[in-house]
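A.B. asks: show me how the following folds:
(one chain, ligands or ions: 1)
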Amino acid sequence: MKSGESANMRVAVIGGGIIGCLTALYLHRLGARPLVLERGRTGQESSWAGAGILCPIHPWLYPDSFTHLIEASLALYPELDAYLRDSTGMDIEWRKSGLLIPFFADDHIDHREAALAWSRRFGWQVEELDARQTREREPAIGGDATGSLLWPEVGQVRNPRLLAAVRRALEISGVEVREGAEVTGLNEHADGRVASVQLADGERISADAVLLAAGSWSGELAEHIGLRLPVEPVKGQIVLLRDRPGLLRHIIKHDDAYMVPRIDGHVLVGASMERVGFRRGTTEDVIGALLGATRRIAPGLAQARVVEQWMGFRPGTPDGLPYLGPVEGRPGLWVASGHYRNGVALAPGTADIISRWMLGEVPGLDMSDFRVDRPRRDVGPIGLPVRSG
Ligand SMILES: Cc1cc2nc3c(=O)[nH]c(=O)nc-3n(C[C@H](O)[C@H](O)[C@H](O)COP(=O)(O)OP(=O)(O)OC[C@H]3O[C@@H](n4cnc5c(N)ncnc54)[C@H](O)[C@@H]3O)c2cc1C
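C.D. replies: Below is the predicted model:
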């Protein structure tokens with residue numbers, strides 16, 4: 001597309017989660033005319049529910065392209081934070097709280113060597129702490145921890161605040177956001193190019209291009225529009241605790257649970273990985289297991305009050321990687337979905353790459369591992385978990 005055309009390009013973005021909303025914002029900043037279509041209210045699903053940890057989970061299990069994508073995305077957070085603060089006055093609580101992985105004698109998997117090798121290869125600052133140093137740096141951790149790894153530069157954001165700020169920035173920018181607008185299909189011109197999206201109430205909204213960013217629902221919707229996209233919900237339950245601010249200093253990551261301390265003393269504990277379709281609601285067994293793991297890993301939080309519990313559907317994929325880019329043979333149709341456990345960390349990078357790409361700029365990163373038409377590969381430890389109901 002030529003720049004004159006792209007400046008006026010009307011893009012229908014399906015889905016008002018962090019991926020859809022932020023890509024719409026970036027499209028607007030590049031001069032296009034995005035429109036967000038959200039069937040419920042924006043920012044209420046996975047993007048609201050997540051923990052907001054800004055680093056890849058077990059990146060050593062993924063191809064290098066994933067680390068490159070996430071690094072490119074994390075590098076955009078300072079600018080995004082400043083932009084949202086300036087334009088909306090809102091604070092998304094982006095801060096480098098650091099992330100600590102403690103080790104215990106009875107751990108099932110020892111990630112230490114793989115994590116250290118990955119950190120050295122990609123230049124991520126990491127400190128190896130023995131048992132005493134671990135307790136000094138993070139007194140809430142159990143006395144039986146044999147040591148830990150600490151990444152002091154790892155950051156976090158507070159999801160509901162991020163979503164609210166992005167939504168406000170869209171409003172201020174005059175980007176049209178339609179809530180209660182469920183997309184059910186696509187209409188195409190005779191030459192196959194995207195012409196419009198079809199809403200559940202019968203309305204057709206014309207567009208030069210369409211971006212499918214419907215999170216966990218992208219797989220279902222793709223089927224309606226004749227596209228094979230194996231994105232499935234992976235449910236994650238979370239329990240929110242409250243204690244005195246600063247009691248927990250770092251994000252704590254363990255295979256049994258992670259803990260994310262917010263500035264005001266809230267600690268978010270997550271999260272299950274359940275392949276149960278779109279079955280909503282929290283369950284006593286899962287919340288009990290998260291609380292039990294917290295008491296074992298971080299006994300310093302034993303007195304923390306349980307405030308709330310919730311769940312969300314991560315948009316899971318068989319190989320754990322998102323689908324990003326144009327759909328072969330369907331001119332005007334694009335996908336940004338399947339961000340699974342990393343969608344908040346990957347959001348600015350996704351929004352930046354996809355918005356530029358849609359307007360004709362070739363991405364600076366090799367995007368072939370994220371192609372929409374890549375063959376399905378089920379990759380056990382990082383892809384979809386075993387179906388549980
Ligand atoms: C418990 C939990 C913990 C997590 N922790 C982290 C973390 O620490 N760090 C991290 O980076 N990521 C984390 N994630 C993952 C991250 O939250 C997701 O990858 C990300 O939010 C996906 O964003 P999205 O916009 O694609 O999906 P969503 O936020 O789910 O948004 C999709 C939107 O599309 C709308 N929609 C669906 N169908 C239609 C339709 N037909 N028409 C119109 N609209 C439609 C939905 O209503 C929804 O609002 C976590 C997720 C969960 C659940």
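
A.B. asks: make it CA atoms for all contacts and neighbour counts henceforth
C.D. replies: Fine.

A.B. asks: what does the stretch 151-300 of the chain have sitting close to the ligand?
C.D. replies: 181-184, 213-217, 236-238, 271 (Cα under 6 Å from any ligand atom).

A.B. asks: for the buried ones among these, write the corresponding ChimeraX selection.
C.D. replies: A single ChimeraX command selects the buried members of these (16 or more other Cα atoms under 10 Å):
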select :181,182,183,184,213,214,215,216,217,236,237,238,271
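
A.B. asks: nearest to Leu99, of the residues of the stretch 151-300 of the chain next to the ligand?
C.D. replies: Closest to Leu99 out of those is Ala271 (16.1 Å), distances taken as Cα to Cα.

A.B. asks: now, the residues of the stretch 151-300 of the chain next to the ligand that are in strands?
C.D. replies: Among these, the members falling in strands (DSSP state E) are Val183, Thr184, Gly236, Gln237, Ile238.

A.B. asks: farthest pair within these?
C.D. replies: For these, and using Cα to Cα, no pair is farther apart than Thr184 and Ile238, which are 30.7 Å apart.

A.B. asks: which parts of stretch 304-317 are buried?
C.D. replies: Neighbour-count burial for stretch 304-317 [16+ other Cα under 10 Å]: Ala304, Gln309, Trp310, Met311, Gly312, Phe313, Arg314, Pro315, Gly316, Thr317.

A.B. asks: likewise for stretch 139-157?
C.D. replies: Applying 16+ other Cα under 10 Å to stretch 139-157 flags 139-143, 145-152, 154-157 as buried.

A.B. asks: average pLDDT for the one helix or strand Ala289 maps to, rounded please.
C.D. replies: Taking DSSP states H and E as the definition, Ala289 sits inside helix 284-297. Averaged over helix 284-297, pLDDT sits at 97.

A.B. asks: for stretch 126-138, same thing?
C.D. replies: Per-residue pLDDT over stretch 126-138 has a mean of 97.

A.B. asks: quick one: contacts of that stretch?
C.D. replies: Contacts to stretch 126-138, defined as Cα atoms under 8 Å, 6 or more residues apart in numbering, come from residues 102, 116, 119, 141-152, 248-250.

A.B. asks: ok, of the residues of the stretch 151-300 of the chain next to the ligand, which one's closest to Pro59?
C.D. replies: Looking across those and measuring by Cα to Cα, the closest to Pro59 is Ala271, at 17.8 Å.

A.B. asks: now that closest one: how far from Val175?
C.D. replies: 34 Å (Cα to Cα, to the nearest Å).

A.B. asks: now Arg204
C.D. replies: Distance from Arg204 to Val175, by Cα to Cα: 19 Å.

A.B. asks: the two: which has the busier surroundings?
C.D. replies: Remark: of Arg204 and Val175, Val175 carries more neighbours, 19 against 16, as counted by other Cα atoms under 10 Å.

A.B. asks: does the residue sitting nearest the centre point of the chain count as helix, strand or coil?
C.D. replies: The residue lying closest to the centre of the chain (Cα atoms, centre = their mean) is Gly343, at 1.5 Å. With DSSP: H, G, I helix; E, B strand; the rest coil as the basis, Gly343 sits in helix.

A.B. asks: next one: the one 10 residues further on
C.D. replies: Here Ile353 is recorded as helix under three-state DSSP.

A.B. asks: my guess is it contacts Gly360. True?
C.D. replies: No - judged on Cα atoms under 8 Å, Ile353 makes no contact with Gly360 at a distance of 10.6 Å.

A.B. asks: looking at those two, which is more packed in?
C.D. replies: Ile353 (24 against 13).

A.B. asks: show me the contacts for the more buried one.
C.D. replies: Per Cα under 8 Å, 6+ apart, neighbours of Ile353: Pro363.

A.B. asks: one more: Pro385?
C.D. replies: Val234, Met273, Glu274, Arg275.

A.B. asks: repeat for Arg296
C.D. replies: Arg296 neighbours (Cα under 8 Å, 6+ apart): Gly142.

A.B. asks: kindly provide the distance from it to the ligand.
C.D. replies: From Arg296 across to the ligand, the span is 21 Å (Cα to the nearest ligand atom, to the nearest Å).

A.B. asks: same question, Arg33
C.D. replies: 18 Å.

A.B. asks: just give the closest residue to that residue, not the sequence neighbours.
C.D. replies: Arg10 (4.7 Å; Cα to Cα, 6 or more residues apart in numbering).
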